[in-house]
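Undergrad: make a model of this:
(chains A and B)
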Amino acid sequence: MGQMHRLLPTSAILSVLGLAALMAGRAGAAEVAISCGAVGIEFQLCRSGAEAWARDTGNTVKVVSTPNDSNERLALYQQLLANGSPEIDLFQIDVVWPGILADHLIDLRPYAKGAEREHLPFLIDNNTVDGELKALPWFLDVGLLYYRIDLLAAHGAQPPKTWEELTNTASRIQEAERKSGNAQLWGYVWQGRAYEGLTCNALEWIASHGGGRIVDEQGAVNMANPKAAAALDLAAGWVWSITPPGVLNYAEEDARGVFQSGNAVFMRNWPYAWSLAQSSDSPVRGKIGIAPLPASEEGRSSAALGGWQLAVSRYSRHPEAAASLALYLTSAAEQKRRAIEGSFNPTRQELYHDPEIVAANPLFAELEPVLESAVARPSTVLGSSYSRVSAEFWQAVHSVLAGEEKATPALEGLQARLERLSRRGG
Amino acid sequence: MRAASANRLPAPARASTAALLFLAPALLALAIAGGWPLLRTLWFSLTDAQLAGGDFRFVGLENYRWLLTDPDWWRALRNTLLFATVSVALETALGILLALVLDAGFRGRSLVRAAIILPWAIPTVVSAKIWAWMLHDQFGILNRALLAIGAIERPLAWTADPDLAMAAVIAVDVWKTTPFMALLTLAALQLVPAHCHEAARLDGIHPVRFFLKVTLPLIAPALAAAMLFRFLDALRVFDLIYVLTSNSRSTATIAVYARQQMVEFQDLGYGSAAASLLFVMVTGATVLYLAVTRGGVQESRS
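TA: Next up is the predicted model:
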């Protein structure tokens, strides 16, 4: 998800770029159209993987580019699927979409024949709607705490385990550094813009306080509770003190910009920021570390789960071939190749301590403990109403962060609005 | 004009038939391009249709009832009206000033005239993105400049702070659209006969008095039309606000609200209801404006 949101929503024009494989199909071979990441290494790895499958099986593939902005991409998918279009057989879908698109996707369990059990169980749970496996996990994202090793060492601090420690450490270092002339320094940056990324951030705060995950397993809203309010009050207290007020309009790349220019002690972001912050022209190269996000005293660390899955359209003319391609692309060997060449996080636990992968990118060894704390957004249980619930949620959180409302009345208002929505049945 | 050519005109009845014939292609095109989508939107606004398709049913005015009880809708309405009135007022005032400057003869005037249209000629999404970076609280040039001259003590979050966001959005719109108003006003100014200026100069009339008593009444009809265009445009503003502040409640206008309902939430019926109400508002504003300005326009034509 982070991989998508950091890109600008420029792809309003749907440039559908057909790249037919060079292989001529044998008798009975199928042409499978796959939609996957549209730019850079993501596109290249998708294409090379799909072409390798085509060579092995004698089928052909067509890689279709779709908009980079995930909201735009969802809107396009929904249009294609609503029209029952067979144009695309295999869709790359966001971790919050299986519930939204469930009606248009086939059950992959008969094709996977147990292979799905090799993936992280929380992803399989996320992708299972009414007992049907709607998508195979391809790569994942989790929320991480980035910190400046050099600043923490200089001020005798440890990576924080609790939010309280983070707040104290951040304000102590910020104050000391500003006194010594580092006027631009802030304690903690994250994503506070009114968009899906804020839902991820706020879910982490609330879940790590034991305040639930917006709705319970039955889809009933459980937001108006003191733990959730405490979490939001904490975050609102950061703004202006350890967090620049501009955070209310920050997405992933804004936060990374501040952190990577050396102007923040801590940052919440997705794993993609690691390789960019460690690139040769980065001012903080070699000075950063990652850790699981903090929790409250009685809660446990919670990392919002993002990432992408592969799903086969109900309207595909070649569901068998499409499922075979999905299984190939999500296989251990292919995920290993993608982890080494493109730093895409595998969805199989054992790959996080695979020696070759760790040698190529030491980050993976540090990511493994974070996987324990992954928290999925309640998209599967909410289905098609998820987008609306998430928007109501981030709007309420945003108004608390902006100081327009206190946490408790804002959450009570949210609770009422969400209950009003569920009465309407939309 | 009419009196001179009256003998060559056909009989009145044939005239109106001929007029209809000539108008038919335009009316047909308008019905296809404007009428049909409009009627569809109005129809969908009375149903619970989803963008994703599937069965839907007639729900009467349910969507409108729901809309009018949604605090976000009222906030969007307030934002829209605030944005439209303030930005158009500022653009008109600044546009007139700019036009008066341009109307005066000075070296390089045509160059300045061409340059001044640039902000308006840049696609909105592009200029909005440029402004988003200039207004950025940490890297933005605006905060850097204001800090350097000591006007502010710490960086302001222009697009994020709910108290500043609307002002920032209006400022960018004024920057972008003032040239448009200036050029339309300038065109009107150049129709003010030169002998009026000479007469006023000979009589020793103060330029401000001349502007208020002679120039302004003469350019009023053109100005009124330009303001109407701008106001209607401002009522349905979307791109600028969406790029600068996304779906943030503090600046979301009705168009932003309707898009979110329709595209993000796939709620075609409800989104159509919001769009239809926006249409009603735009039409209402047009009718009201025409009714109010009609007297003035006719008077100045006679």
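Undergrad: strands of chain A, start to end?
TA: A:19-20, A:31-36, A:60-65, A:90-94, A:128-129, A:132-133, A:136-142, A:144-148, A:186-189, A:264-269, A:288-291, A:303-312, A:374-375 (DSSP state E).
Undergrad: which of the ones you listed sits closest to chain B?
TA: With Cβ to the nearest Cβ as the measure, strand A:186-189 is the member of the strands of chain A nearest chain B (8.3 Å). (Glycine included, C-beta is placed from N, CA and C.)
Undergrad: contacting residues around the closest one?
TA: Residues from elsewhere that reach strand A:186-189 (Cβ atoms under 8 Å, 6 or more residues apart in numbering or on different chains): A:166-167, A:169-171, A:173-174, A:238, A:241-244, A:247, A:250, A:255, A:258-259, A:263-268.
Undergrad: looks like residue B:274 contacts residue B:259 (just checking).
TA: No - the pair residue B:274 / residue B:259 is not scored as a contact, 9.1 Å apart, by Cβ atoms under 8 Å.
Undergrad: who's more crowded, the two?
TA: Just comparing residue B:274 and residue B:259: by other Cβ atoms under 10 Å in any protein chain shown the higher neighbour count belongs to residue B:274, 26 against 19.
Undergrad: and the more buried one, what is it in contact with?
TA: Counting by Cβ under 8 Å, 6+ apart, residue B:274 has contacts B:67, B:73, B:254, B:257-258, B:261.
Undergrad: again, 10 Å this time
TA: Residue B:274 sits next to B:45, B:63-64, B:67, B:70, B:73, B:76-77, B:254-255, B:257-262, B:267 when contact means Cβ atoms under 10 Å, 6 or more residues apart in numbering or on different chains.
Undergrad: that one in helix, strand or coil?
TA: Recorded secondary structure, residue B:274: helix (DSSP: H, G, I helix; E, B strand; the rest coil).
Undergrad: tell me which residue in chain A sits closest to chain B.
TA: residue A:246 (2.9 Å).
Undergrad: and for the residue nearest to that residue when sequence neighbours are not counted, the neighbour number?
TA: Computed as Cβ to Cβ, 6 or more residues apart in numbering or on different chains, the closest residue to residue A:246 that is not its neighbour in sequence is residue B:137, at 2.9 Å. The number of residues packed near residue B:137 is 24, by other Cβ under 10 Å.
Undergrad: hmm, residue B:137 is touching residue A:245, no?
TA: Yes - in this structure residue B:137 lies within contact range of residue A:245 using Cβ atoms under 10 Å: 6.6 Å.
Undergrad: shared neighbours, those two?
TA: With Cβ under 10 Å, 6+ apart, residue B:137 and residue A:245 have common neighbours B:154-157, B:160-161.
Undergrad: restrict these to contacts with chain A.
TA: By Cβ under 10 Å from any Cβ of the partner chain, the members of the shared contacts of residue B:137 and residue A:245 lying near chain A are B:154-157, B:160-161.
Undergrad: circling back to that earlier point, so which of the contacts of residue B:274 are in helices?
TA: B:63-64, B:67, B:73, B:76-77, B:254-255, B:257-259 (DSSP state H).
Undergrad: for residue B:112, give its distance to chain A.
TA: Distance of residue B:112 to chain A, given as Cβ to the nearest Cβ, to the nearest Å: 33 Å.
Undergrad: surely that residue is in contact with residue B:99?
TA: No - counting by Cβ under 10 Å, residue B:112 sits too far from residue B:99 to count as a contact (11.9 Å).
Undergrad: who's more crowded, those two?
TA: Set residue B:112 next to residue B:99 and count neighbours by other Cβ under 10 Å: residue B:99 wins out with 24 against 13.
Undergrad: contacting residues around the residue nearest to residue A:268 when sequence neighbours are not counted?
TA: Distances taken as Cβ to Cβ, 6+ apart place residue A:190 nearest to residue A:268, at 4.0 Å, with adjacent residues excluded. Contact analysis of residue A:190 by Cβ under 10 Å, 6+ apart lists A:143, A:145, A:197-198, A:200-202, A:204-205, A:235, A:238, A:243, A:247, A:250, A:252, A:254-255, A:259, A:264, A:266-269, A:293.
Undergrad: retrieve the pLDDT associated with residue A:190.
TA: If you check residue A:190, the pLDDT there is 97.
Undergrad: could you do residue A:98 as well?
TA: In this prediction residue A:98 is given a pLDDT of 94.
Undergrad: show me the contacts for the residue lying closest to it once chain neighbours are set aside.
TA: What sits nearest to residue A:98 in space, not counting adjacent residues and going by Cβ to Cβ, 6+ apart, is residue A:134, at 4.4 Å. By Cβ under 10 Å, 6+ apart, the contact list for residue A:134 reads A:93, A:97-99, A:101-109, A:126-128, A:309, A:311-312, A:380.
Undergrad: hmm, try it at 7 Å
TA: For residue A:134, the contact set (Cβ atoms under 7 Å, 6 or more residues apart in numbering or on different chains) comprises A:98, A:102, A:105, A:127, A:311.
Undergrad: same question for residue A:195.
TA: Contacts of residue A:195 by Cβ under 7 Å, 6+ apart are A:251, A:394, B:246-247.
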